[in-house]
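>>> sequence and predicted structure are below.
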Amino acid sequence: MIIARTAVELRAALDSKAGSVGFVPTMGALHVGHRTLIEKARVENDVVVVSIFVNPTQFLAGEDLSKYPRREEADFKICELSGVNVLFYPEIDSMYGTDEISIKAPDVRGYILEGASRPGHFDGVLTVVMKLLNLVRASRAYFGKKDAQQLSLITQMVKNFFMDVEIIAVDTVRESDGLALSSRNVYLTQEDRVEALKLSASLKRATHLVMQGVRETNVICRVMMDILQPLKVEYVAIVNRRFEAIPEVIIGDTIVLVAARVGSTRLIDNVWM
Ligand code: PAF
């Protein structure tokens, strides 16, 4: 595995490889969810590139940027064992200068739900993903469905800017008890861990209701809110794939989303129907 720390090193590494490139951008603290993305990229491409970069522009003031889990040694090992060909591990000043142009998320879709709770977050995500996609020039880039709004906005950016990369959506990986894998799960205490299961339990209940024929989204949201008590719920929402609120579930075009605080940790989860 080649470790590239600058854009120049990355280009040299990629120039030494032939064939299609599958790219998995990450912020490190790699878990089985990331390994699933890497595995899919490996099966579908000749070369696999992973980036590890804790992107400061997507954290708001007061968020967990300084304490975001950093696990350099373990992450390098996971990449190596997973068959990654090139690991891009840049410093901040390889990625950002001063007084830069940045990407602005769309006014509505970028500032509702996650964007309302974290205004400006998606501007930072889209800016760094644009930089990374331009650097790696991948054939395909892999993103988890757990960050559904991020995935939807990146797909839109690629379309709006006529970028030549296929965005691949990969299913959320869960623990056996239902908890969606997240790098932030390391912040959970044992009690938090139990409370955190309310997120996946509420989504499971929503799925059952839909399977029983319930379609009214306000009814489903109310039931979910009851299950989530006494967590500090930031939102429960049911949208279509364009992230527009819908009065009724449309099978094949619906995402049910939840964001809540468990102790001091903010968790998100969703289910696609
Ligand atoms: O999902 C993430 O880990 C990050 O938002 C991403 C896409 C790597 C951009 O920093």
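Yep, that arrived.

>>> can you pull the buried residues of stretch 216-234?
217, 220-221, 223-224, 227-228, 231, 233-234 (16 or more other C-beta atoms under 10 Å). Just so you know, the C-beta spots here come from the backbone N, C-alpha and C atoms, and that holds for glycine as well.

>>> which residues are in contact with it?
Residues outside stretch 216-234 that contact it (C-beta atoms under 8 Å, 6 or more residues apart in numbering) are 117, 195, 198-199, 201-203, 205-206, 209-210, 214, 236-238, 245-249, 256, 258-262, 266.

>>> what's the helix or strand for residue 167?
strand 166-170 (DSSP states H and E).

>>> tell me the secondary structure of residue 154, please.
With DSSP: H, G, I helix; E, B strand; the rest coil as the basis, residue 154 sits in helix.

>>> element containing residue 37, please.
helix 32-44.

>>> what's that helix packed up against?
The helices and strands touching helix 32-44, judged by 3 or more C-beta pairs under 8 Å, 6 or more residues apart in numbering; DSSP states H and E, are strand 21-26, strand 47-52, helix 72-81, strand 140-144, strand 166-170.

>>> rerun that using 6 Å as the cut-off
Applying 3 or more C-beta pairs under 6 Å, 6 or more residues apart in numbering; DSSP states H and E, we find helix 32-44 packed against strand 21-26, strand 140-144.

>>> can you list those strands in TSV and add mean pLDDT?
As requested, the helices and strands packed on helix 32-44 are exported to TSV (pLDDT from 0 to 100):
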stretch	mean pLDDT
strand 21-26	98
strand 140-144	98
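
>>> could I get the CA-only coordinates of the strand holding residue 167 as PDB?
Taking Å, rounded to 0.1, in the frame of the first residue of the first chain, the C-alpha atoms of strand 166-170 are listed here in PDB:
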ATOM      1  CA  GLU A 166     -20.200   7.400 -10.400                       C
ATOM      2  CA  ILE A 167     -21.500   7.800  -6.900                       C
ATOM      3  CA  ILE A 168     -22.300   4.400  -5.300                       C
ATOM      4  CA  ALA A 169     -24.700   4.200  -2.300                       C
ATOM      5  CA  VAL A 170     -23.800   1.400   0.200                       C
END
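
>>> what residues sit buried inside it?
167-168, 170.

>>> report the central residue of the protein.
With distances taken as C-alpha atoms, centre = their mean, residue 147 lies nearest the centre of the chain, 3.6 Å away.

>>> quick check: which ranges of the chain have low pLDDT?
By pLDDT under 70, the chain has no low-scoring segment.
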